[in-house]
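A.B. asks: heads up, no residue letters with this:
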Ligand SMILES: Nc1ncnc2c1ncn2[C@@H]1O[C@H](COP(=O)(O)OP(=O)(O)OP(=O)(O)O)[C@@H](O)[C@H]1O
Ligand SMILES: [Mg+2]
């Protein structure tokens, strides 16, 4: 809580708080280099004339789950997709400010985009298996990034299918199409695929919104088991889910960061009227 | 008779005039879908019937040549229409011109070879073009390129043939062929040797490629456009490059459809007549010695020599036999394609229909 951007000033003084961003950042780095996985610095971002995110300053704790909540269209997905640079190719995309991953800008010229995306994995709103067999799905990223020799791929597949609790359900049909699996199983498969490349950060964009309660529970439980090796960011419309799985919560509204703090505090004692209105209306 | 009308049929009750009754029954049939079902069955049978009819006609016409040449028709490579002014002679009970001999090996191999060259060039070019149109080019430019593809598909084959004979052939003879021939390794003699005069296998194959690229590319473009964004984003988010995403996700997603498009193109290439006749050199009874030599295809022989053949029943029968072989090759390529498609869809992949 102590190191976060003070949301109390979000109204007019937003930019000013961080007017000399270099100075506090430098101080913070030495103290928090290990505890901060991802930091945005005055991140402003838009598509064409339309500004989607303005002046976002946030520090994502390493090895914790951070939820991003907010009304629809508030920019949650856009923020999430900035972290693995999925927005870069959208026509009209522009950004100012910076995102630091482990202290280094994700737009640093020396940054290899493909290896950035290996380190920052993503799970989508709906399962999106590839048109290849179940085991090939799990190892798709491993093969692309040449992380394991050919003869070790089946071991990798087993390891990560086991990790997501899918091994027993699919061990007899590893060569089958993933499209015959249930939606929940497909999403677990996609999670296994994302985990198999051993990411440092995992971005989840409403990962359970298309799933039934059982599958949702399975995913939620799994997310907690990923800690502390993996830092998780999860966008969710489900307030209960945020309180169940997230240590930290970011509340976005109309592209601004309204409040950022420990989940318990954000939901129980929000410092902002806007936050209270949003979480109160959905969670009381 | 009246008893045949079931009581449940309201319009067919006793006392109504027979025409009205018939109309009523018809209406009932239409209502419960019988008529549509029969129309549907008829529609399904018609193509089959036509295919069988064409085959039967061809076989009927080809029988004399089959008896005359036997298997030699496929293994032999001499072709002689016989002495057109000679008196027909009789051998084995078959009336034919003196000197007649039919060996279609050059035609069969020529047809297969030109089509194979066309595919080798057209498939990668078409898929690359389709991917570029969908994923690389800005929308305006993509539309322009797409429109050109469709225009190209509509160019009459005689124009492509003329262009091949007048422009492309000389370029091949003077520049392309020597380049390949001089650099090909000695264990590939088929690529070496005499570079010819621009009328031959390579020119025909290239002309065919030009003709089937628009077919394959525009179909592939439509298929690739239909691939949902979500799996492609998944691939990108996993750290795949655009090329890897295309190879591992986008193309496999529509694999079966692409095979279909390629077979469509192959069918066109196998049967293409005039453009090949104008560029292959029409070397009757000659097996090409290398990639640049004059040669012949089934269709080219028929179109080029029909006027000679038409005066003699046996010559015409030989053409029917040739046509039959072409048809079998085309059908066989379709069957192979279908098996390929089944293998792809048998693995349960979403055969171009998304999720
Ligand atoms: N590719 C894009 N091009 C143009 N505008 C976009 C694009 N993606 C998002 N936007 C705009 O950015 C704003 C924020 O969208 P975003 O998807 O981030 O919202 P969200 O908070 O995730 O909403 P939801 O809860 O509905 O998923 C919206 O106004 C949207 O129209
Ligand atoms: Mg969203």
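C.D. replies: That came in fine, so what should we check first? All figures in this text were calculated on a predicted structure; none of them were measured in a lab. Residues are numbered from 1 along each chain as shown, chains lettered A, B, ... in the order given. Ligands and ions are numbered 1, 2, ... in the order given.

A.B. asks: any idea where the strands of chain B begin and end?
C.D. replies: Taking DSSP state E as the criterion, chain B contains strands spanning B:79-80, B:89-91, B:94-96, B:101-102.

A.B. asks: For residue B:124, find the nearest of the ones you listed.
C.D. replies: Residue B:124 lies closest, by Cβ to Cβ, to one member of these: strand B:79-80, at 34.9 Å. C-beta here means a position set from N, CA and C on the backbone, and glycine is covered the same way.

A.B. asks: What is that closest one packed up against?
C.D. replies: Helices and strands touching strand B:79-80, by 3 or more Cβ pairs under 8 Å, 6 or more residues apart in numbering or on different chains; DSSP states H and E, are strand B:101-102.

A.B. asks: The strand it packs on pairs with which strands?
C.D. replies: When sheet partners are counted by DSSP bridges, strand B:101-102 sits next to strand B:79-80 (antiparallel).

A.B. asks: which outside residues touch the strand it pairs with?
C.D. replies: Defining contact as Cβ atoms under 8 Å, 6 or more residues apart in numbering or on different chains, one finds that strand B:79-80 is touched by B:99-104, B:106-107, B:284-285, B:301.

A.B. asks: out of the strands of chain B, deepest packed?
C.D. replies: Among the strands of chain B, strand B:101-102 has the highest mean neighbour count (mean count of other Cβ atoms under 10 Å in any protein chain shown), at a mean of 22.

A.B. asks: ok, and what's touching that one?
C.D. replies: The contact list for strand B:101-102 (Cβ under 8 Å, 6+ apart) reads B:65, B:68-69, B:72-73, B:76, B:78-80, B:82, B:318, B:321.

A.B. asks: where does chain B dip in pLDDT?
C.D. replies: Filtered on pLDDT under 70, chain B yields the residue ranges B:1-15, B:344-355.

A.B. asks: related to what we said a few turns ago, which ones among the contacts of strand B:101-102 lie within helices?
C.D. replies: Members of the contacts of strand B:101-102 lying in helices (criterion: DSSP state H): B:65, B:68-69, B:72-73, B:318, B:321.

A.B. asks: which stretches of the stretch 101-250 of chain A form strands?
C.D. replies: Using DSSP state E, counting those that start in this stretch, the strands found in the stretch 101-250 of chain A span residues A:104-105, A:120-123, A:201-205, A:231-235, A:248-253.

A.B. asks: Now mean pLDDT, distance to residue B:172 and mean neighbour count too, for those, in a markdown table please.
C.D. replies: Listed next are these as a markdown table, based on pLDDT from 0 to 100; distance: least, Cβ to Cβ, whole Å; neighbours: other Cβ atoms under 10 Å in any protein chain shown:
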| stretch | mean pLDDT | distance to residue B:172 | mean neighbour count |
| --- | --- | --- | --- |
| strand A:104-105 | 92 | 53 | 13 |
| strand A:120-123 | 96 | 50 | 26 |
| strand A:201-205 | 96 | 54 | 23 |
| strand A:231-235 | 96 | 59 | 25 |
| strand A:248-253 | 95 | 63 | 25 |
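
A.B. asks: Reformat the ones you listed as a markdown table; add distance to residue B:254.
C.D. replies: Formatted as a markdown table, the strands of the stretch 101-250 of chain A follow (distance: least, Cβ to Cβ, whole Å):
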| stretch | distance to residue B:254 |
| --- | --- |
| strand A:104-105 | 38 |
| strand A:120-123 | 24 |
| strand A:201-205 | 26 |
| strand A:231-235 | 31 |
| strand A:248-253 | 37 |
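
A.B. asks: can those go into CSV with extra columns for distance to ligand 1?
C.D. replies: Compiled in CSV, those are given as follows (distance: least, Cβ to the nearest ligand atom, whole Å):
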stretch, distance to ligand 1
strand A:104-105, 21
strand A:120-123, 14
strand A:201-205, 7
strand A:231-235, 6
strand A:248-253, 7
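
A.B. asks: how about TSV for those, with distance to chain B added?
C.D. replies: Formatted as TSV, these follow (distance: least, Cβ to the nearest Cβ, whole Å):
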stretch	distance to chain B
strand A:104-105	17
strand A:120-123	4
strand A:201-205	8
strand A:231-235	13
strand A:248-253	21
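
A.B. asks: Ok, which of the ones you listed comes nearest residue B:250?
C.D. replies: Proximity to residue B:250, assessed across the strands of the stretch 101-250 of chain A by Cβ to Cβ, is greatest for strand A:120-123 (18.2 Å).
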